[in-house]
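Peer 1: I need the structure of the sequence given here:
(chains A and B)
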Amino acid sequence: MGLTRRDFIKASAAAAAFAAVGVPVLRPEGVDAAEAGISWGKAPCRYCGVGCCVLVGVKGGKIVATKGDPAGPVNKGLNCIKGYFLSKALYGKDRLTKPLIRKGNRMVEASWDEALDLIATKYQQAIAAHGPDSVAMYGSGQWTVHEGYTASKLMKGGIGTNNLEPNARLCMASAVVAFMNTFGSDEPMGCYDDLDLGDTYILWGANMAEAHPVLFSRLIDNKLKHPKVRLIDVATRKTRTTKMADQYIAMRPHGDLAAINAMIHVILRDKLYDEAFIKQHVNFKRGKENAPYGLKDKEVFNETPADIKNLTFDEYKELMKQFTPQWGEKISGIPAAKIEELARIYGDKSRKVTSLWTMGVNQHSRGVWVNNLIYNLHLLTGKICKPGENPLSLTGQPSACGTAREVGTFAHRLPADMVVMNEAHRKKTAGIWGINPDKISSKVGLHTMEMFRAIDRNELKCIWIQCTNPFQSLPNVSRLRKAAEARKAFIVVSDIYPTKSTEVADVILPSASWVEKEGVFGNTERRTQHWFKMIEPPGQAREDSWQLIQFAKRMGLGHLFPYSEKGFHKEMWEEYRRFTIGAGKDLAPYEAYAKVRGLRWPVKPDGKETRWRYTDADDPYLKKGEGIKFYKAPGNRVNVWFRPYEPPAESPDREYPFWFCTGRLLEHWHTGTMTGRVPELRRAVSGATIEMHPEDAKRLGIRNRDPVRITSRRGSIVLPAEINGRSTPEKGSVFSTFFDETKLINELCIDAFDPLSKEPDFKKCAVKVRKA
Amino acid sequence: MPVSGIVLTCVAASADDVALQLAAVNGIEVHGVLPDGRIVAVVEADTVDEEVALVTGLQEIEGVVSVQLAYHNFDDLEAERH
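Peer 2: Here you go, the predicted structure:
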């Protein structure tokens, strides 16, 4: 019997898998014929912030195959199982294909002209009556660089308001503030190569095996090859990550703030620090304390230069004496001996230590402080800017770094680390944009939490949401949904599927997604990746930047976007790139990215990328012989901050005795608007559950899959119990995911946020739990 | 019918057991077990949905650390109606 085409496709599948694990296999003759007609193009994955390189196979105008890109340095030929959803995400049957306008309780089909005219009229009316700060735009870390840049130029340079935010406020803002107040420049000094080159990895509250599976595999490969490698999982819940760790250290929610302070105490007490490094590179500072939690509307808390005290190293040591390991144990639940042991690991000169964290640290009512404390560990011990030893904050969205952070789509930012409060920065921006500097407001816009509260307060009249789902993903979401349902603002939502946010929209616009348009994403490790358009979007769906520019024309702001239709992406890129040159964030000419699997900035004059910043071994901003130089920090000195313990906004008590934590799991991404398109998967993962410790469940008479009612001060919800499932929270804690649109978990979450980053704390509030 | 090439990373001591279990699953062919505990397999199912459900199930097998996707071909899916 002869081999069928199908057999050859299977041979090709096996060969690709073997190649990815480093076993060369000859592709049998016939494979090429079986794959005939498929043209392959490169793109970064549409999902998380890892930025895996994907090859997309197109035939007859449709995606018919995908591969992990063997030439991609991030993932070396392998994707996580979200790779299966890359095509499904585009081909779900309920794709939005036409603009829709609200008529009472119905959404009625409209033309693009009708929809855009209506939006422009509403924005013009609001601006005329209430000024430019009465309108806003809420975008995304899933926007391409071009989309974010269009939005920033339109809102900040055109309409004249800084009411522009990305959903990255909910995931990365704490990391951003700490990068800025420590190093004077956003984003990491290290890169993914640190996962291959280090020997000690400390995870701070991160379930990397599920949230960043491809990077976790790199770590595990390193561990399998090198017996010295140790992986320590400090967490509030046992997960798949724990299974592979050498050590699991249970910590109480919010305990990191105490435990790390106690570790620093030990490092100072036992002189485990690197005195020469400290002398050359470090300043000591104390900031503003007794911070609020943002629970009151319009609560203001800033750390101005007048609030900051300089400390000597001795003064800092004196202040840290109070945080003994015993004190740390009392608050964090980590035994004092373990705190000492962890401190000694950081202080061990024979170990290359990398710290990894993500939402556990960032979505934290003192998230900036915990980021600062992790940097302190590395700066005091000099374990930084060297291969295999760096702090690395992992991101959650494909272009949280490239778009939200580098383009600067936050309410206070401009491109390339600049801010609206700084006159020189506004002038530089206005120069590149060709506008009067007075057009850019010096007033910081509404941050995400205040933006949506302002709708409820009748202060914000129009908001345009693109590529994100805030009416599911924000904390204490019922207040915000009620305000939207009461039609307190005119709401436009651009997306690819119906969501909990399109539900409350006045206008819904169909967007093009991923390879239906050309784009650029920037990942966690400063890697900028480009892709070309490969297929047509369905129906009348259009790229988000096209939507914004058509709107701009109607607002009399078309002159801000003088690019040709054909050269749009390149021309806009070259304009944006001017911000980055000489700012330590240098990007390459547009065409360079078409050829490579991304480049990590700063891109050198010879076109090569930079793996490690601030070191003369790699960074083009240093002269040979300078060693390490933190050239973006004032005086080239970085800050070690004194950040004491302050309690969370809400802790368990007699009435609400459990901690409640939310997060994501491998198969579903964010609010499930893309991954939720796979019905079989929904059955396999079966919607949101409530994970409990078996002893807690037993005490409450709850068995696996029993319906359980979880109630917080803000809401109540019934979910099936999951006991001894893939993860187990510590006693006294329960955990749920936020992807399931039929269970709005975020109605339970407190809308407390970090006073410096304004990032909400989705990881801890108090709930009661009983059998339903 | 969609076809995918996958790599399972296993706790090395469990790899042979995992491979035996995989071989018994309808729609999965084991193509090789590496000394470091990784397994190369090919998955086929009638629809992508079933394929995803199959692969999701693999993660629950004791000893499996991760399942990764190297290649996915879903050409000729006219039969699959959403």
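
Peer 1: I'd like to know how many residues surround the closest residue to A:G558 other than its chain neighbours.
Peer 2: Spatial nearest neighbour of A:G558, excluding adjacent residues (CB to CB, 6 or more residues apart in numbering or on different chains): A:A552 at 5.6 Å. C-beta: built from backbone N, CA, C; applies to glycine. A:A552 is flanked by 20 other residues according to other CB atoms under 10 Å in any protein chain shown.

Peer 1: Do you have the helices of the stretch 651-772 of chain A handy? List them.
Peer 2: A:679-685, A:694-699 (DSSP state H, counting those that start in this stretch).

Peer 1: what bits of the chain have low per-residue confidence?
Peer 2: Looking at chain A here, since you left the chain open. Across chain A, the ranges flagged by pLDDT under 70 are A:1-2, A:667-671, A:673-674, A:676-686.

Peer 1: Wait, chain B was what I had in mind.
Peer 2: Along chain B, the parts satisfying pLDDT under 70 run over B:77-82.

Peer 1: Pick out the residue of it closest to chain A.
Peer 2: Proximity of chain B to chain A (CB to the nearest CB) peaks at B:G5, 3.3 Å away.

Peer 1: For that residue, which three-state class applies?
Peer 2: strand (DSSP: H, G, I helix; E, B strand; the rest coil).

Peer 1: could you point out the longest strand in chain B?
Peer 2: strand B:64-73 (DSSP state E).

Peer 1: so what does that strand touch, helix or strand wise?
Peer 2: Using 3 or more CB pairs under 8 Å, 6 or more residues apart in numbering or on different chains; DSSP states H and E, the elements in contact with strand B:64-73 are helix A:5-20, strand A:62-68, helix A:213-225, helix A:240-244, strand B:3-10, helix B:48-58.

Peer 1: could I get the ones you listed as CSV with mean neighbour count?
Peer 2: Converted to CSV, the helices and strands packed on strand B:64-73 look like this (neighbours: other CB atoms under 10 Å in any protein chain shown):
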stretch, mean neighbour count
helix A:5-20, 23
strand A:62-68, 24
helix A:213-225, 21
helix A:240-244, 21
strand B:3-10, 27
helix B:48-58, 21
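
Peer 1: Just put these in JSON lines and tack on distance to A:K352.
Peer 2: Converted to JSON lines, the helices and strands packed on strand B:64-73 look like this (distance: least, CB to CB, whole Å):
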{"stretch": "helix A:5-20", "distance to A:K352": "27"}
{"stretch": "strand A:62-68", "distance to A:K352": "28"}
{"stretch": "helix A:213-225", "distance to A:K352": "11"}
{"stretch": "helix A:240-244", "distance to A:K352": "19"}
{"stretch": "strand B:3-10", "distance to A:K352": "23"}
{"stretch": "helix B:48-58", "distance to A:K352": "33"}
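
Peer 1: now for the ones you listed, which one comes closest to A:I581?
Peer 2: Set against A:I581 and scored by CB to CB, those come closest in helix A:213-225, at 29.8 Å.

Peer 1: Let me know the helix or strand that A:W40 is in.
Peer 2: In the assignment (DSSP states H and E), A:W40 maps to strand A:39-44.

Peer 1: how about that strand: buried residues?
Peer 2: A:41-44 (16 or more other CB atoms under 10 Å in any protein chain shown).

Peer 1: all strands for the stretch 1-150 of chain A, in order.
Peer 2: All strands of the stretch 1-150 of chain A, identified by DSSP state E, counting those that start in this stretch, fall at A:39-44, A:53-59, A:62-68, A:100-103, A:106-109, A:135-139.

Peer 1: A:F284 is nearest to which of those strands?
Peer 2: Proximity to A:F284 (CB to CB) singles out strand A:135-139 among the strands of the stretch 1-150 of chain A, at 37.4 Å.
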